[in-house]
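Asker: sequence? don't have it. structure:
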């Protein structure tokens, strides 16, 4: 590739080097004496550790949590735990690569890492990948609002069938939600201000988890709703599997890998962190990933132990099939809607920053530019969600290419190209690990594209999402 032919020898002396302190070099950093001055030149943030954890956790948390119980039913409890643990560790290592590279460059922007590694084409590539991935994420969240909010309103009004009322039209509802909730939050000057809404969003998902645990002890198996009037019920329909391999198992691996995609938000959050050090930001990432790991594991386990072999691809649909008028599940649906709605502004920030880096790299902050970019992005996403009835295939292609790029490929390549060979030769263990990490990303990408191709040929759509 042409990008790989660019020489990086002269780049390593353009910007100030990060001092070789342990916290700048270690994946699991040692304690710092706190006397190190920040080497970054882009911004001095004021966001606290806790608010940063809320924002990053909210960025990790996605609608894919609704499908984790189904993933566990196709892997078994033990294999699911192994896969989830490995992917969480890989995600934390990926953040380490990004932070290490940012320390060398001296600025905390994904696009600037691309510029330093591969020149202007690398900057454009990073900006385009972030934009496509996060637009896909924003659209998927608004699709949930479009299809789920009318059903929730219908249930709360006690209606058994849909009506022609305007407030039952999903297209009108997403416009109202965008104008009244998402757009005002997207006007915030700094991402750190969204820590409060991110905390509330996470509390909604904790409520969802609490309901899943509660329902585990209130729904008995076997379930009449899934028996299909069968006279005999298989003996193993209510038994947990610890290790399962079937044709669906391979499809769960990319789903789990994408469940920890938060990398476009890592550097913007790092930028606004008060007292920014690599050790501090790595701790924020580790705490966020650990928290989501626990929430994912508990949700998947208790959801699976409720329905066992009857677990469906969308967990809330499974509960509704048992009791369509269950008040608790209706409240949970509403909580999930609130959570995904409050996540949209957090996901929008990296897109706006990418656009600013690509189109206005040297311009100071300006409110008109800040508002206009957000307005154009939200308008485009709303038009996309309203006019296109089913864009899951497009999302699938984008997700299968951008997610592995953001988690594995780009962080690994940036690390290899940016860290000077004087500090770490190409055959050193850290760079060999980064190269293997990058290769793993290409494997994930090929796997995901292969599964999508098999879906298209078979006509069967698998569940997934972030």
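Answerer: Yep, it's here. Values in this document were obtained by computation on a predicted structure and should not be read as measured data. Residues are numbered from 1 along each chain as shown.
Asker: Is the closest residue to residue 345 other than its chain neighbours within a helix or a strand, and which one?
Answerer: Distances taken as Cβ to Cβ, 6 or more residues apart in numbering place residue 185 nearest to residue 345, at 3.9 Å, with adjacent residues excluded. No exception for glycine: its C-beta is placed from N, CA and C like everyone else's. Using DSSP states H and E, residue 185 sits in helix 183-186.
Asker: Please point out which parts of the very next helix or strand once past that helix sit buried.
Answerer: Next helix or strand after helix 183-186 toward the C-terminus (DSSP H and E): helix 195-216. Buried positions in helix 195-216, judged by neighbour count with 16 or more other Cβ atoms under 10 Å: 195, 197-199, 201-202, 204-205, 207-209, 211-212, 215.
Asker: can you give me how far helix 195-216 is from the chain middle?
Answerer: With Cα atoms, centre = their mean, to the nearest Å as the basis, the distance from the averaged C-alpha position of helix 195-216 to the chain average is 17 Å.
Asker: one step back: with distance to residue 93 and pLDDT added, can I get the buried residues of helix 195-216 in CSV?
Answerer: CSV is the format used below for those (distance: Cβ to Cβ, whole Å; pLDDT from 0 to 100):
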residue, distance to residue 93, pLDDT
195, 25, 85
197, 29, 87
198, 24, 88
199, 27, 89
201, 26, 90
202, 24, 90
204, 30, 91
205, 25, 91
207, 32, 94
208, 29, 92
209, 26, 93
211, 33, 93
212, 30, 93
215, 35, 90
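Asker: Save those residues as TSV, and put in distance to residue 101 too.
Answerer: What follows is those, written out as TSV (distance: Cβ to Cβ, whole Å):
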residue	distance to residue 101
195	25
197	30
198	26
199	29
201	29
202	28
204	34
205	31
207	38
208	35
209	35
211	41
212	38
215	44
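Asker: With residue 109 as the reference, measure out to the residue nearest to residue 345.
Answerer: Per Cβ to Cβ, to the nearest Å, residue 185 is found 22 Å from residue 109.
Asker: what does residue 50 give?
Answerer: Distance from residue 50 to residue 109, by Cβ to Cβ: 24 Å.
Asker: again, but for residue 143
Answerer: Spatial separation of residue 143 from residue 109 under the definition Cβ to Cβ is 29 Å.
Asker: of these two, who's got more company?
Answerer: Ranked by neighbour count (other Cβ atoms under 10 Å), residue 143 and residue 109 place residue 109 first, with 25 against 22.
Asker: What residues does that one make contact with?
Answerer: When the contact criterion is Cβ atoms under 8 Å, 6 or more residues apart in numbering, the partners of residue 109 are 42, 267, 271, 353, 357.
Asker: If you rank the residues you listed by neighbours, which is first?
Answerer: In terms of neighbours by other Cβ under 10 Å, the contacts of residue 109 top out with residue 267 at 25 neighbours.
Asker: so what pLDDT did residue 456 get?
Answerer: Here, the pLDDT recorded for residue 456 equals 77.
Asker: Now name the helix or strand holding it.
Answerer: When secondary structure is defined by DSSP H and E, residue 456 falls within helix 429-458.
Asker: Also residue 421?
Answerer: Residue 421 belongs to no helix or strand when assigned by DSSP H and E.
Asker: how much space between it and residue 107?
Answerer: Residue 421 is 21 Å from residue 107, by Cβ to Cβ.
Asker: quick revisit: distance from the chain centre to the helix holding residue 456, please.
Answerer: Distance of helix 429-458 from the chain centroid (Cα atoms, centre = their mean) equals 18 Å.
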